[in-house]
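A.B. asks: structure for this input, please:
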Amino acid sequence: MSLFWRLFGLNTVIVGTATAALLWAPVTVSVPVLLTEAAVLVGGMAAMLAASALMLRLGLAPLARLSRMMATVDLLRPGQRLPVQGNGSVAELIRAFNAMLERLEAERAASSARALLAQEGERRRVAQELHDEVGQSMTAVLLDLKRAADQAQGPLRRTLLDAQETTRGSLDEVRRIVHRLRPGVLQDLGLVSALTELTTDFAAHTGLPVRRSFASPLPPLGEELELALYRVTQESLTNAARHAGARQVSVDLREERGGLVLSVRDDGCGTPPAEEGAGIRGMRERALLVGAALHLVSEPGTGTLVRLTAPVPRDAGHAPAEGAGLP
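C.D. replies: Below is the predicted model of the structure:
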């Protein structure tokens with residue numbers, strides 16, 4: 001039944017009931033109208049309006065749920081659907097909306113995959129140029145400064161040595177940026193080694209102690225899943241250092257009920273859920289790309305927990321091993 005005929009039928013029932021009540025009720029209308037008669041008529045009209053409002057609210061309830069869903073749906077949290085009841089026009093509208101959500105989620109996942117692949121390609125290109133061009137040029141400058149310092153005397157030698165140390169520090173920074181842009185150890189030694197190097201470097205440069213616990217060995221994960229786990233950890237650590245005001249961070253990677261669970265927790269100030277920025281939405285896109293679920297638990301004053309759960313084949317015989325905490 002279409003929405004028009006449903007509403008028309010509801011109003012017909014209400015008006016018909018009210019008419020029948022007037023026909024068979026022992027009520028008369030005088031001219032002029034008596035106060036008791038007016039009270040009966042006004043009460044009947046009020047009852048009819050109340051019944052009409054109730055029936056309309058019940059009939060339009062699915063549209064109200066649809067409106068709320070349209071206002072709050074987030075394509076980075078897939079799987080949100082409205083229940084479908086009946087076969088009328090409202091049910092068809094809800095089915096069409098659910099089908100539209102499925103198409104949008106698929107298109108969003110495909111576009112996110114293309115964007116992330118392009119981003120990783122650009123990171124590799126920039127890292128290669130930094131390594132080949134800037135890194136080699138700074139290495140040449142460092143060697144020239146060393147030769148000049150070896151031949152200089154007095155204050156000039158001290159100045160050249162200071163310039164040499166500054167250049168060496170800048171070269172180390174360029175190498176650190178290259179490692180952040182292109183985690184070569186991830187491809188060469190695997191995820192656990194890459195996360196160990198990442199947390200060690202993070203603790204050394206920020207002064208924040210990191211406690212880590214990694215399951216080892218891990219089942220075969222695939223390049224995309226390993227990269228997603230690495231980037232989510234990297235972004236979570238960056239947020240903890242820049243925004244959380246944390247005193248300690250913990251990173252945990254383990255197998256749990258046939259899936260792989262990555263947890264990054266800090267004891268910082270926390271943030272309201274409404275303040276999710278580009279970094280957190282980028283993590284959600286990476287999770288969506290590999291079919292994982294990302295949950296963020298953060299309240300002001302309680303710290304932040306980033307938890308990514310990815311489905312992977314479980315390989316018997318894998319036992320978790322505790323990693324050493326960083327000082």
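A.B. asks: so what's residue 308 closest to, chain neighbours aside?
C.D. replies: Excluding its sequence neighbours, the residue lying closest to residue 308 (Cβ to Cβ, 6 or more residues apart in numbering) is residue 262, at 4.5 Å. C-betas here are computed from N, CA, C, even on glycine.
A.B. asks: which helices and strands sit right next to whatever helix or strand residue 212 lives in?
C.D. replies: Assigned by DSSP states H and E, residue 212 falls within strand 210-215. If you count contacts as 3 or more Cβ pairs under 8 Å, 6 or more residues apart in numbering; DSSP states H and E, strand 210-215 packs onto helix 191-206, strand 249-256, strand 320-321.
A.B. asks: let's see that with 7 Å instead.
C.D. replies: Packed against strand 210-215, as judged by 3 or more Cβ pairs under 7 Å, 6 or more residues apart in numbering; DSSP states H and E, are the following elements: helix 191-206, strand 249-256.
A.B. asks: just want the angle from the helix or strand that that strand is followed by to strand 249-256.
C.D. replies: Heading C-terminal from strand 210-215, the first helix or strand you meet, by DSSP H and E, is helix 223-239. Helix 223-239 runs at 150 degrees relative to strand 249-256, counting by axes from the mean of the first three to the mean of the last three Cα atoms, to 10 degrees.
A.B. asks: pull out the buried positions in helix 223-239.
C.D. replies: Neighbour-count burial for helix 223-239, counted by 16 or more other Cβ atoms under 10 Å, picks out 224-237, 239.
A.B. asks: quick one, it and helix 191-206 angle?
C.D. replies: 20 degrees.
A.B. asks: and helix 223-239, how far from the chain's centre?
C.D. replies: 13 Å (Cα atoms, centre = their mean, to the nearest Å).
A.B. asks: contacts for it?
C.D. replies: 183, 186, 191, 194-195, 198, 202, 249, 251, 262, 264, 279, 282-283, 286-287, 289-290, 292, 306, 308, 310 (Cβ atoms under 7 Å, 6 or more residues apart in numbering).
A.B. asks: output the longest helix belonging to this protein.
C.D. replies: Longest helix in the chain, counting residues (DSSP state H): helix 89-129.
A.B. asks: what mean pLDDT does it have?
C.D. replies: For helix 89-129, mean pLDDT is 79.
A.B. asks: so how far is that helix from its chain's centroid?
C.D. replies: 14 Å.
A.B. asks: that one packs against which elements?
C.D. replies: Short answer (3+ Cβ pairs under 7 Å, 6+ apart): helix 89-129 packs on helix 35-72, helix 154-181, helix 278-289.
A.B. asks: part of a strand, is residue 21?
C.D. replies: No: secondary structure assignment places residue 21 outside any strand; it is helix (DSSP: H, G, I helix; E, B strand; the rest coil).
A.B. asks: tell me who's in contact with it.
C.D. replies: Residue 21 is in contact with residue 44, counting by Cβ under 7 Å, 6+ apart.
A.B. asks: now it: how far from residue 51?
C.D. replies: Distance, residue 21 to residue 51, using Cβ to Cβ, to the nearest Å: 11 Å.
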